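In: Provide a 3D model corresponding to the input given below.
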Amino acid sequence: MKLLCNGFNLYRQLGTTDLVLEKFTEIFGGYSVNDININHSFSVLKTDGSYKVICRNKQICLSSCGKIIKMCCNDERIILVNDKGKLFKIDFANIDTPCDISNILNLPCNEQIVNVSCGSKLTIVYSDKGSLYNVPNKLVFNSENIVDIQCGREHCLLLDKFGNVYTFGRGSRGQLGHGQLDDTSEPVQVEALGGIKITQIATGGWHSCALSKDGDLYTWGWNGNGQLGLGNGEESNVSVMASQHVVDLPDSQRNVVQVACGNRHTIVLLDNNHLFGCGWNKYKQLTGIDKENFHSFTYLHDFLGENVVALKCGPWNSVVLCK
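Out: Presented below is the predicted three-dimensional model:
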């Protein structure tokens, strides 16, 4: 897999010496990389045989937790699930000492963890029996149809196989999409998206996105840096959007096929392999243009000729994974 990335690199978490990558640059070309998670001060690479943590040009192999099937991380810790359904926490300050935290969930013996996602304020675990935990607490919600879980810093989105979206957590910036700014401790279906087949969800620090099977992008939540793409080439005066908004892209004849979010920016790939983005650009996480905020989706790069597999974002990075 080829990784093309731009943005923040103060801690050398991108494996290069540049403090900021101002344009999309191939990183970790000497590795056989299948996936990457970028955080403020480190990256975690999924290679053919293991997971490696990269920080300040150091490499630390996460090999003591068995065969890892799921991984997520935030700026302070890494959460792992192995093929035995065990849940491990690794604090970045003490990265050589994984801690098995499976026992704090009180999972029944016939139940196994199959997915995990975390933000700075919550860690969400999902089991093969449809149980959902905000570690260590089991939630009332139960569904065996959940296919994706995405956490922002303080909120969570769930997607089921029918295309329904559920949200819960902190709602003070409209990131739950229920039309108000209240917090919700249990998942609640997003009624405004009912009847729309959603195929992908994404979360920023305090904003959310959903992509429909028809290629329409819906955004909501915090918009302080233009990350919802509400402006029409001008600065938006909307700082919070608590309901879903269908984004108008400059290339209106094209469908959105992928979306990813950083803390305060959003990137999308269109069906012609053109990449667009909006939001905060202080660390050139969108483009090398010397402009701090983009309030509408702006053309970033043409990936024509590349087989784009996925988009990923760090807090202040954008990554395009190509085969």
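In: Show residues contacting the strand or helix carrying G279.
Out: Assigned by DSSP states H and E, G279 falls within strand 274-280. Contacts with strand 274-280, where a contact means C-beta atoms under 8 Å, 6 or more residues apart in numbering, come from 204, 225-229, 231, 249-251, 254, 262-270, 286-287, 292-304, 311, 316, 318, 320. C-betas here are computed from N, CA, C, even on glycine.
In: Off-centre distance for it?
Out: In this view, strand 274-280 has its centroid 15 Å away from the chain centroid, taken as C-alpha atoms, centre = their mean, to the nearest Å.
In: Just checking, which helix or strand succeeds it along the chain?
Out: The first helix or strand that comes after strand 274-280 along the chain, using DSSP H and E, is strand 293-302.
In: For that next one, the averaged confidence score.
Out: Average pLDDT, strand 293-302: 96.
In: With stretch 109-118 instead?
Out: 94.
In: what sits up against it?
Out: In contact with stretch 109-118 (C-beta under 8 Å, 6+ apart) are residues 69-74, 77, 79, 81, 84-87, 102, 105, 107, 123-129, 131, 146, 149-151, 156.
In: try it again with 7 Å
Out: Stretch 109-118 has contacts (C-beta atoms under 7 Å, 6 or more residues apart in numbering) with 70, 72, 74, 79, 81, 85, 87, 124-129, 131, 149-151, 156.
In: Same question for stretch 74-87.
Out: 39-41, 44, 62, 65-73, 88-92, 100-102, 105, 112-113, 116, 118-120, 123, 125.
In: Who are the packing partners of the helix or strand of the chain with the lowest mean pLDDT?
Out: When each helix and strand of the chain is scored by mean pLDDT, DSSP states H and E, strand 58-61 comes last, with a mean of 87. Contacts defined by 3 or more C-beta pairs under 7 Å, 6 or more residues apart in numbering; DSSP states H and E place strand 58-61 against strand 51-55.
In: Can you give the distance from the strand it packs on to the centre of its chain?
Out: 18 Å.
In: Next, the buried residues of it.
Out: Within strand 51-55, the residues scored as buried using 16 or more other C-beta atoms under 10 Å are Y51, K52, V53, I54, C55.
In: Name the residues that touch that strand?
Out: Strand 51-55 has contacts (C-beta under 7 Å, 6+ apart) with 11-13, 15, 41-45, 59-62, 68, 71, 95.
In: strands paired with it, and their directions?
Out: strand 43-47 (antiparallel), strand 58-61 (antiparallel) (DSSP bridges).
In: The shortest one: what's the following helix or strand?
Out: As assigned by DSSP H and E, the chain's next helix or strand after strand 58-61 is strand 68-73.
In: ok, the very next helix or strand once past that next one: who's next to it in the sheet?
Out: Next along the chain after strand 68-73, taking DSSP H and E as the criterion, comes strand 77-82. Using DSSP bridges, strand 77-82 pairs in its sheet with strand 68-73 (antiparallel), strand 87-91 (antiparallel).
In: quick one: low-confidence ranges for the protein?
Out: Across the chain, the stretches falling below the confidence threshold (pLDDT under 70) are 233.
In: Looking at it, which residue reaches furthest from the middle?
Out: No residue in the chain sits farther from the centre than C109, which is 30.8 Å out by C-alpha atoms, centre = their mean.
In: Run through who's touching the least confident helix or strand of the chain.
Out: Counting by C-beta under 7 Å, 6+ apart, S50, K52, V53, I95 sit against strand 58-61.
In: from the residues you listed, which single one is nearest S208?
Out: Checking the contacts of strand 58-61 against S208 with C-beta to C-beta, the nearest one is V53 at 28.0 Å.
In: Tell me how far that closest one lies from I38.
Out: Distance of V53 to I38, given as C-beta to C-beta, to the nearest Å: 11 Å.
In: what's the answer for I267, then?
Out: Going from I267 to I38 by C-beta to C-beta gives 13 Å.
In: Just the buried ones from the contacts of stretch 74-87, in ChimeraX syntax?
Out: Selection of the buried residues among these in ChimeraX, burial being defined by 16+ other C-beta under 10 Å:
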select :39,40,41,44,62,65,68,70,71,72,73,88,89,90,92,101,102,105,112,113,116,118,119,123,125
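In: re earlier: switch the buried residues of strand 51-55 over to JSON lines; also include distance to R170.
Out: Shown next, in JSON lines, are these (distance: C-beta to C-beta, whole Å):
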{"residue": "Y51", "distance to R170": "29"}
{"residue": "K52", "distance to R170": "32"}
{"residue": "V53", "distance to R170": "28"}
{"residue": "I54", "distance to R170": "30"}
{"residue": "C55", "distance to R170": "28"}
